[in-house]
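Colleague: here's a sequence, model it:
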Amino acid sequence: MTSPRIIENSPLARVARLKLGTRSVAMVLGNTIHLSGATKEEFLNDPYWVAHEMEHIRQFQEHGRLGFLWRYLVGWARHGYYNIPFEAQAREAGHRNAAQYAQGRPLPDPATMHQGPKAT
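Modeller: Predicted coordinates for the structure are as follows:
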């Protein structure tokens, strides 16, 4: 897998951040991670968050652009954001794969990881 491109201050991610009502957001489109409310450095320093977004990149590769977006939107409509199957899988991958993205450092306390939108 090639390294993803990371875009700070993404207008697309800003719309998602405002819609979700969260302080910061990362969103994946293809092999690009769009950030709003967080710097590239802040993102890369949270191995749980990086692992979460890398799972979305894997999902994009598995299902293709239209397949991923369709399944994501249908999941949101049926289950709400927090319970979208792709989001549940990415949360699990965030915990399971964080050590891969810790850059040789010990994993931080999971309580300090990025806090996305919560279940409602």
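
Colleague: closest to the centroid, which residue in this protein?
Modeller: If you average the C-alpha coordinates of the chain and look for the closest C-alpha using Cα atoms, centre = their mean, you land on E53, 3.4 Å from that point.

Colleague: I'd say that one and A90 touch.
Modeller: Yes: taking contacts as Cβ atoms under 8 Å, E53 lies within contact range of A90: 7.5 Å. Placement of C-beta: from N, CA and C, glycine included.

Colleague: setting aside sequence neighbours, what's the nearest residue to R71?
Modeller: Counting by Cβ to Cβ, 6 or more residues apart in numbering, the nearest residue to R71 once its immediate chain neighbours are dropped is H63, at 6.3 Å.

Colleague: and the strand or helix carrying the one you found, what does it pack against?
Modeller: When elements are defined using DSSP states H and E, H63 is found to belong to helix 47-79. Counting contacts by 3 or more Cβ pairs under 8 Å, 6 or more residues apart in numbering; DSSP states H and E, helix 47-79 is packed against strand 25-29, helix 40-44, helix 85-97.

Colleague: of all the ones you listed, which one comes closest to L69?
Modeller: Between L69 and these, the tightest spacing by Cβ to Cβ is seen for strand 25-29, at 8.6 Å.

Colleague: buried residues, stretch 61-73. List them.
Modeller: The neighbour-count check on stretch 61-73 (16 or more other Cβ atoms under 10 Å) flags F68, Y72 as buried.

Colleague: what's that stretch in contact with?
Modeller: Surrounding stretch 61-73, the residues in contact under the criterion Cβ atoms under 8 Å, 6 or more residues apart in numbering are M1, L29, G30, Q59, F60, I84, P85, F86.

Colleague: swap the cut-off to 7 Å and go again
Modeller: Stretch 61-73 is contacted from outside by G30, Q59, F60, I84, F86, using Cβ atoms under 7 Å, 6 or more residues apart in numbering.

Colleague: which non-adjacent residue is nearest the fourth one?
Modeller: Leaving aside its chain neighbours, I84 sits nearest to G75 (3.8 Å; criterion: Cβ to Cβ, 6+ apart).

Colleague: give me the number of residues near that neighbour?
Modeller: G75 is surrounded by 17 other residues when neighbours are defined as other Cβ atoms under 10 Å.
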